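Asks: next come a sequence and a model predicted from it.
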Amino acid sequence: MPRGRTKFAIFLLSLSLVSVTLSCVVPHLLAAKKKEDQNKDPSSASDQRRALHALNRLTFGPRPGEVQRVMAMGVDQWINLQLHPEKINDSALNSRLEPFRTLQMSTKEIAENFPDPQEVNQVMNGKRAMPSDPVRHAIYEVQVARAEDRKDRKEEAAKGATVAAAAKKAASAPAETGVAGTSGSSHVASPTASDNTANGAMSGSMNEFSTSGASRDDLAMAAAAPEAPAKLTPEDEEQARLREQQLYTDLEVQQLANLPPDQRFKKILSMSLTAQLTLADSLRGGRGQEFLEGLSPRQKETLLAMNNPAGVVTGELTQAKLLRAIYSERQFEEVMTDFWFNHFNVFLDKGLDRLMLTSYERDVIRAHALGKFEDLLVATAKSPAMLFYLDNWMSVGPNSPQALGIPLHPGPYWRANPRPSPRPNPNKRRSGLNENYGRELLELHTLSVNGGYSQRDVTEVAKVFTGWTIDQPAQGGGFKFDPRMHEPGPKFVLGRRIKRKGEGEGLEVLHRLATSPQTAHFISVKLAERFVSDNPPPALVDRLAKTFLKKKGDIREVLTVLFRSPEFWGDETYRAKVKTPLEFVASTVRATGAEVEDALPLARQLNNMGMPLYGAQPPTGYSMKAETWVSSSALLNRMNFALALTSGKIKGVRVDATQLAGGNSAPSDSSHALSHLEMSLVAGGVSQQTHDSIQAQIEAAEKNSTQPGNKAGPRKPDAAVRPPDVNTIAGLLLGSPEFQRR
């Protein structure tokens, strides 16, 4: 069948399946699909069904053969093991993550090795010394050169604007003093001295136009088009020399790929700054990957950092998240890490958060994902990433020593012998109270929007957390409490008096919020929404909330109750949740057994689907409900991704078509291939409507390929039977309504 006609047939089939998907996932039509599922398998306790359900909810989707492995272990035992990830060997994943050095770095180390523009500017302005380490030196030197270039261009632009303004003023001056060029008068007032000096280079030509009775437009044109210099200036000669050098460095860069890795890297470090800039530019946009072949992780990071230091950090963080979702044996830990990161959302592109998110996810979210909620709440409150994201690090109490300009003298002597308070300095008085964290703490992190608090509570909580700041944030410093920024005096939060005790005030408020019944209910709702349904049963939520309070916010205990509940295993829960883009992408890769060599193209696919990793700007994070992700365009994007993945068109991801088709026992015709792939990819849970739609379109495509008049011509009688297009069939199944749900 001609390629164009094949693509068109696939497109039509994709549209038909998208239509089926919409009809199945829109809430008011889900009931019919659930009834069909129940008729096919009325026993909700079926071992295979239970294993598949557990894998769909506690992981990013089953891998080939994993349903059988869970059945062999026992579903309940497998769930218990996932609730204790420390017992699971994840060395295979660790080997994949080993090249990403930033994942193990502290924020301070990241800031030192991958400088933020603020740090670069300090080096450029002489406030910090250039690093002596050759590798770091190369990164800083290139970044400083770029910063200086941006500064020069900005100054040139400002200078050009000043000259243009002066020329415009000089051009308009004769008209204001009696220019009569338009009326034919021979009298023209002479320009003033200030007009001449405003643009001395133009004064001669301006006077010449004036004496000839020029109009205002003539004068403006003269100001906008100065005469070219008769000979090259020193600046022009320097530019010509740089262009010649650029041609040389381009050739030099092209030859680098032929050198052995170590020699190549040493050569790069010894290159001139101009050549290093050229090399850094050649790596932009993912180009020049040949330079990275064979280099060590640090060497690769150095070359990439010469182009974009922060991009190395965020790129490795993004790849690691996808690789964990796809390959980690501790799947439930990754699901909960994603859940809590979304709950305590921090935006990647909020300035210095690009450097802070690695530690935030590793040391705050993942480390407490299955522990006590209060520990997690305190860890997020003290995290530099959260303090920076919600601006609490800059929040200053209106009556604090810093706002009033009063020096603070700490120590036992000062407390025993307080000095008279000096008068406030009006020049140093500044309020600076920021309510962002206080509001989100109550509304999103604990009580919920209907949690019974008032605007006054928001303001009082904001006062409690004044002084919770960051020590030298641009240099990767950690949390610190600054008493000079803290609002003095008692506060009143949710009807209770908070006594004056500095940092302890914040800890008291966090404890009260973590143990509040409203918080227990809100967190239970969110957990039930993630693991049961978009509208979880109130009775289940109440049981989870009681467990939350009884077990003092022990997340693992709450989840144990959830996974043992009849609501979790009910027929109405099976495949009732629509996957988010992240869940869909990870589950397709897992289902096909694909090998990911570069996860960044997968991250770009998520951008196209509207869910860039770490890219939720509002503190609400991403929605976990179907209504956000179900639309014809969104589902068509998913279908296109699935087809591209199984056809090997996603760069950096390899799918073994033979393995998909069953290896050596691959089906010989499309009908058997479809049945085989339904079992391996969707565990046989495909509706008759989906099966018939795919089967009909495949048969139509095969029939068209043998019709006379096609460019390929009719199939000859003795020609070998064309094997089924396994890649396309697999892609269509991965885009089906059944695979879209978990």
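Replies: On my side now, so go ahead.
Asks: contacts, neighbours, all on C-alpha from now
Replies: Noted.
Asks: in this protein, where is pLDDT below threshold?
Replies: 1-45, 173-254, 285-288, 290, 408-431, 663-667, 701-702, 704-722 (pLDDT under 70).
Asks: domain-wise, how is it divided?
Replies: Here the domain parsing of the chain from automatic domain parsing is 3-44+577-740, 130-179+189-224, 328-410+427-514, 519-569.
Asks: measure the last one end to end?
Replies: Think domain 519-569. 26 Å (CA to CA, to the nearest Å).
Asks: any idea how far the nearest residue to Phe739 once chain neighbours are set aside lies from His691?
Replies: Distances taken as CA to CA, 6 or more residues apart in numbering place Val682 nearest to Phe739, at 6.3 Å, with adjacent residues excluded. Per CA to CA, Val682 is found 12 Å from His691.
Asks: coming back round to it: and the domains of the chain as a markdown table, adding mean neighbour count and distance to Lys266?
Replies: Output for the domains of the chain, formatted as a markdown table (neighbours: other CA atoms under 10 Å; distance: least, CA to CA, whole Å):
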| stretch | mean neighbour count | distance to Lys266 |
| --- | --- | --- |
| domain 3-44+577-740 | 18 | 26 |
| domain 130-179+189-224 | 16 | 10 |
| domain 328-410+427-514 | 20 | 28 |
| domain 519-569 | 19 | 51 |
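Asks: those domains into TSV, with extra columns for distance to Leu256?
Replies: Below are the domains of the chain laid out as TSV (distance: least, CA to CA, whole Å):
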stretch	distance to Leu256
domain 3-44+577-740	23
domain 130-179+189-224	17
domain 328-410+427-514	31
domain 519-569	51
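Asks: and Leu447, that one's in a strand?
Replies: No. Going by DSSP: H, G, I helix; E, B strand; the rest coil, the assignment for Leu447 is coil, not a strand.
Asks: quick one: it and Ser524 touch, right?
Replies: No. At 11.4 Å, Leu447 does not count as touching Ser524 under the criterion of CA atoms under 8 Å.
Asks: distance between the ends of stretch 732-740?
Replies: For stretch 732-740, the first-to-last residue distance is 11 Å (CA to CA).
Asks: off-centre distance for that stretch?
Replies: Chain-centre distance of stretch 732-740: 26 Å, with CA atoms, centre = their mean, to the nearest Å.
Asks: so who does Leu606 touch?
Replies: For Leu606, the contact set (CA atoms under 8 Å, 6 or more residues apart in numbering) comprises Pro581, Leu582, Val585, Pro612, Leu613.
Asks: any idea how far the third one is from Asn607?
Replies: Summarising the geometry, the distance separating Val585 from Asn607, computed by CA to CA, is 11 Å.
Asks: and if you look at Gly397?
Replies: 40 Å.
Asks: follow-up on the earlier one: make JSON lines out of the contacts of Leu606 and add distance to Pro261.
Replies: JSON lines is the format used below for these (distance: CA to CA, whole Å):
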{"residue": "Pro581", "distance to Pro261": "38"}
{"residue": "Leu582", "distance to Pro261": "36"}
{"residue": "Val585", "distance to Pro261": "34"}
{"residue": "Pro612", "distance to Pro261": "34"}
{"residue": "Leu613", "distance to Pro261": "32"}
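Asks: to Leu303, which of the domains of the chain lies closest?
Replies: domain 130-179+189-224 (8.0 Å; CA to CA).
Asks: max-length helix in this structure?
Replies: When the chain is parsed with DSSP state H, its longest helix is helix 134-176.
Asks: other SSEs contacting that one?
Replies: Under the contact criterion of 3 or more CA pairs under 8 Å, 6 or more residues apart in numbering; DSSP states H and E, helix 134-176 touches helix 117-124, helix 193-198, helix 216-224, helix 261-270, helix 273-282, helix 297-307.
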